[in-house]
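**Q** generate a structure from the sequence data that follows.
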Amino acid sequence: MELVFDTYAWIEYFNGTEKGKLVEEYLKNDKIITPSIVLLELSYKAEKESWNFKKYFDFIKHKSEIVGINEKFIFTFGKAYNKIKKDVKKIGITDIIIIHTARIYNANILTGDKHFSKIDGVVML
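**A** Next comes the predicted model:
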């Protein structure tokens, strides 16, 4: 199974929580995709909490495929954004980017973020 890791999943893993132990099992058995926007979120969290972001970044690069925004993403995003916003009113653009990434890669999303609870293809921690 292909899984897009949300920022939530990586934070739980790096913090070594009980949910992080679940994340570790997915790291062993699945193909992991990390959207570049997740790395941006992790970067500001690392700065805020004095993490060694370079260490975490290197680990993520080793364990997952990092994907960004390309033309296909751009030209299909508006429709996806409007549909998701209609279904989940208080969801932000970052979460919609993660959802759209998962759909483009035909993958599920690993997260514990409640904004994703009404989205198909989400594995909740």
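**Q** ok but I33 is inside a strand, no?
**A** Yes: counting by DSSP: H, G, I helix; E, B strand; the rest coil, I33 is found in a strand.
**Q** give the closest residue to it in space, chain neighbours not counted.
**A** With sequence-adjacent residues excluded and distances taken as Cβ to Cβ, 6 or more residues apart in numbering, I33 is closest to V4, at 4.7 Å. Placement of C-beta: from N, CA and C, glycine included.
**Q** what helix or strand is the one you found located in?
**A** Using DSSP states H and E, V4 sits in strand 2-5.
**Q** mean confidence for that strand?
**A** Averaging pLDDT along strand 2-5 gives 97.
**Q** packing partners for it?
**A** The contact analysis (3 or more Cβ pairs under 8 Å, 6 or more residues apart in numbering; DSSP states H and E) places strand 2-5 against strand 31-35, helix 93-104, strand 108-111.
**Q** now with 6 Å?
**A** strand 31-35, strand 108-111 (3 or more Cβ pairs under 6 Å, 6 or more residues apart in numbering; DSSP states H and E).
**Q** winner for burial among the ones you listed?
**A** Comparing the helices and strands packed on strand 2-5 by mean neighbour count (mean count of other Cβ atoms under 10 Å), strand 108-111 ranks first with a mean of 25.
**Q** C-alpha coordinates for the top helix by length along the chain, CSV please?
**A** Secondary structure of the chain per DSSP state H: the longest helix is helix 71-87. Extracted C-alpha coordinates of helix 71-87, given in CSV (Å, rounded to 0.1, in the frame of the first residue of the first chain):
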residue,chain,number,x,y,z
GLU,A,71,1.6,20.9,-13.7
LYS,A,72,-0.9,18.1,-13.3
PHE,A,73,-1.3,19.0,-9.7
ILE,A,74,-1.8,22.6,-10.5
PHE,A,75,-4.4,22.1,-13.2
THR,A,76,-6.5,19.7,-11.1
PHE,A,77,-6.1,21.4,-7.8
GLY,A,78,-8.9,24.0,-8.1
LYS,A,79,-11.6,21.5,-8.7
ALA,A,80,-10.3,19.3,-5.8
TYR,A,81,-10.0,22.3,-3.5
ASN,A,82,-13.6,23.4,-4.1
LYS,A,83,-15.0,20.0,-3.6
ILE,A,84,-13.1,19.2,-0.4
LYS,A,85,-13.9,22.7,1.0
LYS,A,86,-17.6,22.1,0.3
ASP,A,87,-17.5,18.8,2.2
